[in-house]
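Peer 1: Model the structure of this input:
(chains A and B)
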Amino acid sequence: MSVQIQLIEERVPSEVELIERAKQGDKSAFKQIYLLHHKRVYGLCFRLSGQIELAEEATQDTFVRLWQKLPQFKGDSQFSTWLHRLTVNQALTSIKKHKSFWARFLPLSDVTELGQAPLEYELLDKLLLKLPERARIVFVLFEAEGYKHDEIANLLGIANGTSKAQLHRAKKLLQEML
Amino acid sequence: MTPSENKLASLLANLPREISPPEDLWDRIEGRLNAPLMETDQKWLHKQWPLLAFAGVMILAVLIGTRLSAPTLTAPEANLTLLNTLASIQLEHEKQFAQLEQVNRLVNWQNSPYSSPVETGIEQLRQAAKQIYQSLRQNPRDKQLWQLWLWTQHRQIELLKQGQKLPVSLNSPGEII
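Peer 2: Prediction:
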């Protein structure tokens, strides 16, 4: 009997339960959600932003936004899909915010700082950092995250053809680096 | 498919979906969870501005003290651009400030019983802005200092404009009959 009680007590709550608890303001449940998803969120932010510092900032922004928007999640779609969309939007906002700050004072060539990936990162992740920002974002969204060109165009406020051209450019540059 | 195309496709296929951040971000996230939403907080901010301005000036003083004790950076080409921009923004701000001050003298808002805290606030902001400006000249790439400096300028202008809207005391010597 006591073993049964112990087993019930130690049962890991499901993601749905964690979400419901977090919606009610339970921070420990929200921390569990963070632990489940933070690597995926950070990975996406890092590949889109191309900088560790900015990726950390975007990851923080994403989880703060998630905390605020969680009551709006009705479970109509997969939580991971919903969080993925939120992350992409937040990462793009953070990149824009960061760039526009310095862009007000510096020429564009000085604004784009070349990021550096830690040694243990995958080869492709290191190469992605060497791509121009727009080409990198389009490549990551299309090739790594499975977005379509019209979705990317919509997210970035560019034409469909521009998205295709940036993807072609990114691939060409990456192949030259390999 | 060329060898480089093959290699790229293989790297993409093996790209892990997750990357661990270099450091744990939870503490910083948790610290921000209780912060009130910007959109719903405008009224509260509006009411509490004198307190916020004072707190801001105090924070600035500490921050500037720390910055000034740090070693001076050399100025490469990008820093020169920033220094020039810094000087021109400062000049533009001074022009705008002088223009608004002239308008304020014409409307004689200093006769309002509420003008004193506004004037004190403006003066504190100007002193802080002056110190930040000096500090920024030494560290023109410090984003936080830039933000603080621009904020102090923005607040000065805002306060001057608010001062123009203050009710003028009827018993003041400058009353127009």
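Peer 1: Which element is encountered next along the chain beyond the helix-or-strand element of chain A with minimal mean pLDDT?
Peer 2: Lowest mean confidence among the helices and strands of chain A (mean pLDDT, DSSP states H and E): helix A:108-111, at a mean of 49. Counting by DSSP states H and E, the element after helix A:108-111 in chain order, helix or strand, is helix A:123-128.
Peer 1: Poorly predicted segments of chain B, please.
Peer 2: Confidence mapping of chain B against pLDDT under 70 gives the ranges B:35-60, B:62-78, B:104-115, B:166-177.
Peer 1: Next SSE downstream of the lengthiest helix in it?
Peer 2: Counting residues, the longest helix found in chain B (DSSP state H) is helix B:77-107. On the C-terminal side of helix B:77-107, the nearest following helix or strand under DSSP H and E is helix B:115-138.
Peer 1: Would you mark the buried spots in that next one?
Peer 2: Going by neighbour count (16 or more other CB atoms under 10 Å in any protein chain shown), the buried part of helix B:115-138 is B:115, B:118, B:121-122, B:124-125, B:128-129, B:131-133, B:135-138. The way it works is simple: take the backbone N, C-alpha and C, and place the C-beta from them, glycine included.
Peer 1: Quick one: neighbours of residue A:141, just the number.
Peer 2: The tally of other residues near residue A:141 (other CB atoms under 10 Å in any protein chain shown) stands at 24.
Peer 1: pLDDT at it, what is it?
Peer 2: Residue A:141 carries a pLDDT score of 96 in this model.
Peer 1: Is the closest residue to it other than its chain neighbours in a helix, a strand, or coil?
Peer 2: Counting by CB to CB, 6 or more residues apart in numbering or on different chains, residue A:141 lies nearest to residue A:147, which is 4.2 Å off, once chain neighbours are set aside. Look at residue A:147: counting by DSSP: H, G, I helix; E, B strand; the rest coil, its state is coil.
Peer 1: From residue A:174, how far off is residue A:147?
Peer 2: Separation of residue A:147 from residue A:174 (CB to CB, to the nearest Å): 18 Å.
Peer 1: higher neighbour count, the two?
Peer 2: Neighbour count, other CB under 10 Å: between residue A:147 and residue A:174, residue A:174 has more, with 24 against 18.
Peer 1: what sits against the more buried one?
Peer 2: By CB atoms under 8 Å, 6 or more residues apart in numbering or on different chains, the contact list for residue A:174 reads A:124, A:127-128, A:131, A:139, B:8.
Peer 1: Tell me which helix or strand it sits in.
Peer 2: Residue-wise, residue A:174 maps onto helix A:160-177 under DSSP H and E.
Peer 1: How far does that helix sit from its chain's centre?
Peer 2: Computed by CA atoms, centre = their mean, to the nearest Å, the chain-centroid distance of helix A:160-177 equals 21 Å.
Peer 1: With just CA atoms, put it into CSV.
Peer 2: What follows is helix A:160-177, C-alpha atoms only, in CSV (Å, rounded to 0.1, in the frame of the first residue of the first chain):
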residue,chain,number,x,y,z
ASN,A,160,8.1,35.2,-52.2
GLY,A,161,10.8,35.5,-54.8
THR,A,162,13.1,37.2,-52.4
SER,A,163,12.8,34.3,-50.0
LYS,A,164,13.7,31.9,-52.8
ALA,A,165,16.6,34.0,-53.9
GLN,A,166,17.9,34.2,-50.3
LEU,A,167,17.7,30.5,-50.0
HIS,A,168,19.6,30.0,-53.2
ARG,A,169,22.2,32.4,-52.0
ALA,A,170,22.6,30.7,-48.6
LYS,A,171,23.0,27.3,-50.2
LYS,A,172,25.6,28.6,-52.6
LEU,A,173,27.6,30.2,-49.9
LEU,A,174,27.4,27.2,-47.6
GLN,A,175,28.5,24.9,-50.4
GLU,A,176,31.5,27.1,-51.1
MET,A,177,32.4,26.9,-47.4
